[in-house]
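Student: A structural model of the following input is requested.
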Amino acid sequence: MEALRACIASSLLIRWTSRSAFAPAARRKAGAGLRCSSSSSSSTATDAPVHVRLTEGIRSSDRRRRSSLSTSDRESIRLIRLKKVEELRSKGYEPYAYTWDRSHRTRQLQEIYAHLANGEECKEESVSVAGRIVASRKFGKLAFYTLRDESGTIQLYFEKESLLEDQFELLKAYIDIGDILGASGSIKKTDKGELSVFVKLFKILTKSLLPLPDKYHGLTDVDKRYRQRYVDMIANPEVADVFRIRAEIVSEIRRTMDSWGFIEVDTPVLQIMEATSLACMKSFELLKMVLADLLSIVLLFGNSKGEAGGAEARPFVTYHNSLERNLYLRIATELHLKRMLVGGFERVYEIGRIFRNEGISTRHNPEFTTIEMYEALSDYQSMMEKAEEIITRCVLKVHGKLKINYLGEEICFERPWRRETMHNLVREATGIDFSEFKTDLKAAKEAAKMAVQAAAEDSDALIQACPSVGHVLNQVFESIVESKLVQPTFVLDYPIEISPLAKPHRQFPGLVERFELFIYGREIANSFSELTDPVDQRVRFVEQVNQHNDRREALTEEKGVNNDFAYDVSVDEDFITALEYGMPPASGMGMGIDRLVMLLTNSASIRDVIPFPVLKLRQ
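Tutor: Below is the predicted model:
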């Protein structure tokens, strides 16, 4: 302990002055610029934790310890490593390099030299690798380090006689687990069959100051994993694999869209609120004197309460200093993409971030990623085919087959997928045919309460707030049916009251041509035969605003009920103006990329597929 106190005290006296970044020529030639180890003691690849005890020369006797280092221990390690940084610089080694000439990634080496026999060395070729040290073993004049890069791992094999000058002593004294190292040499397979880089030259690229999580248990604190994702990816390499798969899925979607002749465009993230007169609108006393572009009108994702693509989404508000006005982060890309159709484009799409100032859960994040696409001269039947094609291509890209396991449930993506109307699905689950109620709202509510009372909390208040039979039908569907749609299912033909951007159904009055795709009880995609009649569109928007205000009032009166409608809604006048110039017949679809990635990576939470999710403030 006295030695430890002296070490810490001396490190506190370090003067942080800038030193030369260049090592002596002989040392540079030797590839110096080393990394520090957590301790000078040996730590095996199978028993040493990624972070070690505080002092050099002290082995950890508790190989299976169940607790992580305390804050004071962590700070002590940091001080020791800071001292090593200064000592390295005093010896002429810069521990934060500028560059390194790498010849191969570790996986390439594993593939190229897999044929080597045990004990065989390929002396005629030299390779160079770089990555983070994640394990080490030291035996007298031999040392073995495990290096990990983005593609995988490989062993570094050091012999004292093969290194110049005092490199081996510097290696043992200053290289810590967690440091980033560059190494070059020949390829050798050890007698035990471990492919290794037989190091002749090495250089420290970045000196790690903080210890990595415990080797045996990794970073298991879920909250800390999300807050320090960079540590999570180091400690749990499979986490980074999820984000690689996510990138593959997005690339596959783009390839598919491009192959169909769609053009990727960008639409504004910041939306400007327009002020205008509402004298021409009925019930204008219920509306604000400010009209928002894309602010809280029913958009592509339907009327699912609390969903990350909720219908009347509460926006994020910011303030622009130069314009001296509020701006709003977009809650969808739909209306600007439709403006592109008005302007003459026939096939457009956008993959972009959407922002909804709503709740956080395992399926909802305030910012999330969607693809929205619009095709002129087509209807929602065409979009069903496209949804099947996009998702099956992504499934095959990731899994190579069309049957996968998600959270213990086998899901089959073989086409065609089930297609059923909302009315029929509700009738199957409850025995109630809501089409019989026609406009009898009271009778519909009574039937719905009996059906959902055991299935959903606050169901009475939610149903009571419904302003139409169509809303009641949708509430029953959400409460009872959604969770049962495990296999890919297209839910068709929604009530017109909850779909103000969709064309009226050609066969069934009171319904619209719309589908939502559900997999494992979750909405994955949503599509309309798009409404192109500007007069009808205006009437629906105004009615939607009135319905929103009625529901807000009804829920406000209910004590203890979360009011998801406690915000203002308004009408996008410019979009209606665009429709008056004429938009061709078209279909559109939105698909949640985060939820698709969850499905294809067997991830239970949306936070697992977003590298840096929004989190609550730490207490």
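Student: thought Ile498 was touching Pro467?
Tutor: No - the criterion here is Cβ atoms under 8 Å, and Ile498 misses it with Pro467 at 10.2 Å. Every residue, glycine included, has its C-beta placed from N, CA and C.
Student: between those two, which has more neighbouring residues?
Tutor: Ile498 (24 against 17; other Cβ atoms under 10 Å).
Student: distance of the more buried one relative to Ala554?
Tutor: Counting by Cβ to Cβ, to the nearest Å, the gap between Ile498 and Ala554 amounts to 16 Å.
Student: cool, Glu530 as well?
Tutor: Glu530 is 31 Å from Ala554, by Cβ to Cβ.
Student: the two - which one has more neighbours?
Tutor: More crowded of Glu530 and Ala554, by other Cβ under 10 Å: Glu530, with 28 against 18.
Student: contacting residues around that one?
Tutor: 338, 374, 501-503, 583, 585-588 (Cβ atoms under 8 Å, 6 or more residues apart in numbering).
Student: buried ones among these?
Tutor: 338, 374, 501-503, 583, 586-588 (16 or more other Cβ atoms under 10 Å).
Student: which of those residues sits closest to Ser128?
Tutor: Comparing the buried ones among the contacts of Glu530 against Ser128 with Cβ to Cβ places Tyr374 closest, at 49.4 Å.
Student: would you mind confirming that Leu473 makes contact with Pro495?
Tutor: Yes - using Cβ under 8 Å, Leu473 makes contact with Pro495 at a distance of 5.8 Å.
Student: got any residues that touch both of these two?
Tutor: Contact criterion Cβ under 8 Å, 6+ apart; residues shared by Leu473 and Pro495: Met422.
Student: so Ala183 makes contact with Ile133?
Tutor: No - shown here, Ala183 and Ile133 do not form a contact pair, counting by Cβ under 8 Å, at 9.8 Å.
Student: give me the common contacts of these two.
Tutor: With Cβ under 8 Å, 6+ apart, Ala183 and Ile133 have common neighbours Leu147.
Student: between these two, who's got more neighbours?
Tutor: The residue with more neighbours, out of Ala183 and Ile133, is Ala183; 27 against 24, by other Cβ under 10 Å.
Student: can you give me the helices for the stretch 1-150 of the chain?
Tutor: All helices of the stretch 1-150 of the chain, identified by DSSP state H, counting those that start in this stretch, fall at 2-12, 25-29, 71-90, 106-112.
Student: ok, Gly140 - how many residues close by?
Tutor: 7.
Student: my error: substitute Ala117 in the last question.
Tutor: 7.
Student: mind listing what Ile133 touches?
Tutor: 35, 37, 145-148, 175-181.
Student: what do you get for Gly344?
Tutor: Gly344 neighbours (Cβ under 8 Å, 6+ apart): none.
Student: and it, what helix or strand is that in?
Tutor: Using DSSP states H and E, Gly344 is not contained in any helix or strand.
Student: do the same with the one 5 residues further on
Tutor: Tyr349 belongs to strand 347-355 when elements are defined using DSSP H and E.
Student: parallel or antiparallel, list what pairs with that strand.
Tutor: Strand pairing for strand 347-355, using DSSP bridges, gives strand 263-264 (parallel), strand 367-376 (antiparallel).
Student: most packed of those?
Tutor: Ranked by mean neighbour count, the strands paired with strand 347-355 are led by strand 367-376 with a mean of 23 (mean count of other Cβ atoms under 10 Å).
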